[in-house]
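Trainee: Below is the sequence, then the predicted model.
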Amino acid sequence: MNMAKALALLLVFLTLMVPGALWAGDSYVVLKGGGYFPQSSDLKDQDAKTGFIGELGFGYYLLPFLSLEVAGGYFGTKGDMANTNTERKFSLYPLELTGKLGLPILFLEPYVEAGVGGYYVKSTAGSQEEASWRGGYFGGAGINFNLGPIILGLEGRYLFLKAPAPAPTSSNPSATTDIKLDGIIGTLNLGFRF
């Protein structure tokens with residue numbers, strides 16, 4: 001079994017286990033929206049644009065300073081293949097598991113985070129398409145403003161991810177190549193603690 005399949009199975013298992021744990025203590029739901037800023041040289045060579053990201057997450061505080069969060073959503077980017085007029089588009093559907101280590105101070109909660117994810121990546125170049133599941137990982141930091149049961153937050157993370165994409169040439173129109181999809185993800189978060 002390859003790494004991506006093992007990661008996907010682990011994430012599915014944890015996703016199924018988390019809802020039961022959510023009702024056992026200090027839980028939250030959070031909606032995240034923001035931008036995906038491509039950073040890899042592969043994407044910069046294609047003049048990839050900033051894309052939108054949207055996620056819905058469910059979390060549980062294991063301790064007052066340690067939480068576990070499962071999230072899913074969408075983000076993407078598009079650019080142009082070098083020396084052609086062919087548009088290349090990447091659509092990513094993440095399923096992520098994140099551990100957060102926070103420092104609650106009155107209503108503020110700065111935190112650092114690390115996580116893994118299974119990413120369904122759909123990439124196109126002109127009329128060609130490539131789709132696959134890939135494993136990735138990320139690290140980041142953020143701050144929550146805890147206003148009673150309402151959570152307002154800012155979050156930034158750096159994603160490490162590689163996936164196959166169409167790379168047609170005149171001699172091989174169905175060629176593919178691995179593309180690094182590394183990038184910065186910045187979100188504004190709105191949550192509710194229950």
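Mentor: That came through fine. Numbers count the residues shown, from 1 in each chain.

Trainee: Run through the bridge partners of the residue nearest the centre of the chain.
Mentor: Centroid-nearest residue in the chain, with Cα atoms, centre = their mean: P94, separated by 5.2 Å. On the basis of DSSP bridges, P94 is bridged to Y119.

Trainee: tell me the contacts of it?
Mentor: Counting by Cβ atoms under 8 Å, 6 or more residues apart in numbering, P94 touches E55, A71, G72, G73, Y74, F75, G117, G118, Y119. (Each C-beta comes from the backbone N, C-alpha and C, glycine too.)

Trainee: Show the secondary-structure elements that the longest strand seen in the chain is packed against.
Mentor: Looking across the chain with DSSP state E, the single longest strand is strand 128-147. If contacts are counted by 3 or more Cβ pairs under 8 Å, 6 or more residues apart in numbering; DSSP states H and E, strand 128-147 sits against helix 3-22, strand 108-125, strand 150-160, strand 162-166, strand 183-193.

Trainee: lowest confidence element among the helices and strands of this protein?
Mentor: helix 3-22 (a mean of 59; mean pLDDT, DSSP states H and E).

Trainee: who's sitting farthest from the centroid in the chain?
Mentor: Outermost in the chain, Cα atoms, centre = their mean: S171 at 35.1 Å.

Trainee: In three-state terms, label it for me.
Mentor: Under DSSP: H, G, I helix; E, B strand; the rest coil, the three-state class of S171 is coil.

Trainee: Quick check, pLDDT for it.
Mentor: pLDDT, S171: 75.

Trainee: circling back: mind listing what's buried along the longest strand of the chain?
Mentor: Q128, E130, W133, R134, G135, G136, F138, G140, G142, I143, N144, N146 (16 or more other Cβ atoms under 10 Å).

Trainee: Next, format the helices and strands packed on strand 128-147 as JSON lines and append mean neighbour count.
Mentor: Shown next, in JSON lines, are the helices and strands packed on strand 128-147 (neighbours: other Cβ atoms under 10 Å):
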{"stretch": "helix 3-22", "mean neighbour count": "14"}
{"stretch": "strand 108-125", "mean neighbour count": "19"}
{"stretch": "strand 150-160", "mean neighbour count": "17"}
{"stretch": "strand 162-166", "mean neighbour count": "20"}
{"stretch": "strand 183-193", "mean neighbour count": "18"}
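
Trainee: Tell me what G139 is bridged to.
Mentor: A114, Y158.

Trainee: Name the spans of the protein whose pLDDT lies under the cut-off.
Mentor: Applying pLDDT under 70 to the chain flags residues 1-4, 6-25, 82-84.

Trainee: can you tell me how far P168 sits from D42?
Mentor: 16 Å (Cβ to Cβ, to the nearest Å).

Trainee: hmm, back to that, dump the longest strand of the chain to CSV, restricted to CA.
Mentor: Provided in CSV are the C-alpha atoms of strand 128-147 (Å, rounded to 0.1, in the frame of the first residue of the first chain):
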residue,chain,number,x,y,z
GLN,A,128,-6.1,17.2,-20.8
GLU,A,129,-6.9,16.2,-17.2
GLU,A,130,-5.0,14.3,-14.4
ALA,A,131,-6.6,13.4,-11.1
SER,A,132,-5.0,11.7,-8.1
TRP,A,133,-5.0,11.4,-4.3
ARG,A,134,-1.7,12.7,-2.7
GLY,A,135,-0.4,13.0,0.8
GLY,A,136,0.9,16.4,2.1
TYR,A,137,1.9,18.1,5.3
PHE,A,138,2.0,21.6,6.7
GLY,A,139,3.0,23.8,9.6
GLY,A,140,1.8,27.2,10.7
ALA,A,141,0.6,29.6,13.4
GLY,A,142,-2.4,31.6,14.2
ILE,A,143,-4.4,33.5,16.9
ASN,A,144,-7.9,33.1,18.1
PHE,A,145,-10.0,35.8,19.8
ASN,A,146,-12.3,33.9,22.1
LEU,A,147,-15.5,36.0,22.6
